[in-house]
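>>> Got a sequence here, can you model it:
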Amino acid sequence: MKPFYFRKTSMLFSVTAMALVYSLTGCGNNTQNQQENKTIDTTGTPVDMNALTKIADTTLSDMKVSVFAQDSLTSKNETIYMQVTNLEGNPVADADVDYDVIMDMGMMSHGGLYYPLVDLGNGVYKAEVVFIMANMDDMGKGWMLNAVLDKKDSLSFLLPVSEAKYARTIPVGTKDDGRVFVSLLLPNEVKAGSQPVDFTLHKMEHNVFPALDNYTIEVEPIMPDMGHGSPNNEAATGKGNGRYKGTVNFTMKGSWTMKVSLFKNGEKVSQEELVFPVEVK
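Numbers count the residues shown, from 1 in each chain. Next up is the predicted model:
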């Protein structure tokens, strides 16, 4: 069993609001869901829990809560799954579950970017989180997932978040929205050819990180070793709730970089260069 913390209460953990500034990013504390009105979308989509990696679990008096990920967690947009079962291992489908994420740095704490919980049915819940930094050695507990079960049991799970091999979440200054976090939802390695490319955009607003719409994300793949780019790329346009989809074309195998620029109302508004490395196999 992996480390976790448990206490019984009627509220989420209260964390002192503090501001923390880094050379690349600013951090704020939030102890409530990013969306003021939490929406649970019951899709009934099956998930093969045996294909996931268990991060942590704990047993209450009448239920067991486990936390899973598709692989190891790194500093990027990640999907986490929570499973609620009874003590015999059968799904508890009617549990009331809520969550948030906190970076515990010892003397200071700050919140993170996350989407409302999605109920997948059969006692499984999906949490989408953007980890804007990795855990740091000898500085607090690191990232923690705080869950509230049936509005009375509070659980806090340690999340092992390491540095991503390739940058997938990068902060950038903008003209109107200040610091914006741009997350590329693309694996480190992809196949050659034309393919969809997805992004999420969030900004930092006091203690929360609201999703950003009404942008266009221009993409320019470049192969530095060969000195060329590629044709037939399409800018990522908004799909709502800070999500964007476009098309990128990697014409051959090798090491590529994808230059990204943010546009709003036809004007380039990103103030620094954004470059995402991609290996094409």
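
>>> Starting from the helix or strand hosting Thr58, tell me which strands it pairs with and how they run.
Using DSSP states H and E, Thr58 maps to strand 53-59. Partners of strand 53-59 in the sheet, by DSSP bridges, are strand 63-69 (antiparallel).

>>> Could you tell me how far the strand it pairs with lies from the centre of the chain?
Put simply, strand 63-69 sits 18 Å off its chain's centre (CA atoms, centre = their mean, to the nearest Å).

>>> quick one on the thing from earlier: next, the buried residues of the strand holding Thr58.
For strand 53-59, the neighbour count (16 or more other CB atoms under 10 Å) marks Ile55, Ala56, Asp57, Thr58 as buried. C-beta coordinates here come from the backbone N, C-alpha and C atoms, glycine included.

>>> Rebuild those residues as a markdown table, extending it with pLDDT and distance to Gly142.
Formatted as a markdown table, the buried residues of strand 53-59 follow (pLDDT from 0 to 100; distance: CB to CB, whole Å):
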| residue | pLDDT | distance to Gly142 |
| --- | --- | --- |
| Ile55 | 94 | 12 |
| Ala56 | 93 | 13 |
| Asp57 | 93 | 18 |
| Thr58 | 93 | 18 |
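
>>> out of the residues you listed, who's nearest Asp225?
Nearest to Asp225 among the buried residues of strand 53-59, counting by CB to CB, is Ile55 at 37.5 Å.

>>> what's the nearest residue to the closest one if we skip its chain neighbours?
Val67 (4.6 Å; CB to CB, 6 or more residues apart in numbering).

>>> Surely that neighbour touches Met82?
Yes: using CB atoms under 8 Å as the test, Val67 is close enough to Met82 to be in contact (5.6 Å).

>>> Enumerate the positions of stretch 198-214 that are buried.
Buried-residue list, stretch 198-214, by 16+ other CB under 10 Å: 198-204, 207-212.

>>> Farthest-apart pair in those residues, please.
Taking CB to CB, the two most distant members of these are Asp198 and Asn207; they sit 26.8 Å apart.

>>> if we can go back for a sec, measure the residue nearest to Ile55 to Asn265 for me?
To Asn265, Val67 is 41 Å away according to CB to CB, to the nearest Å.

>>> With Asn90 instead?
For Asn90 relative to Asn265 (CB to CB), the value is 53 Å.
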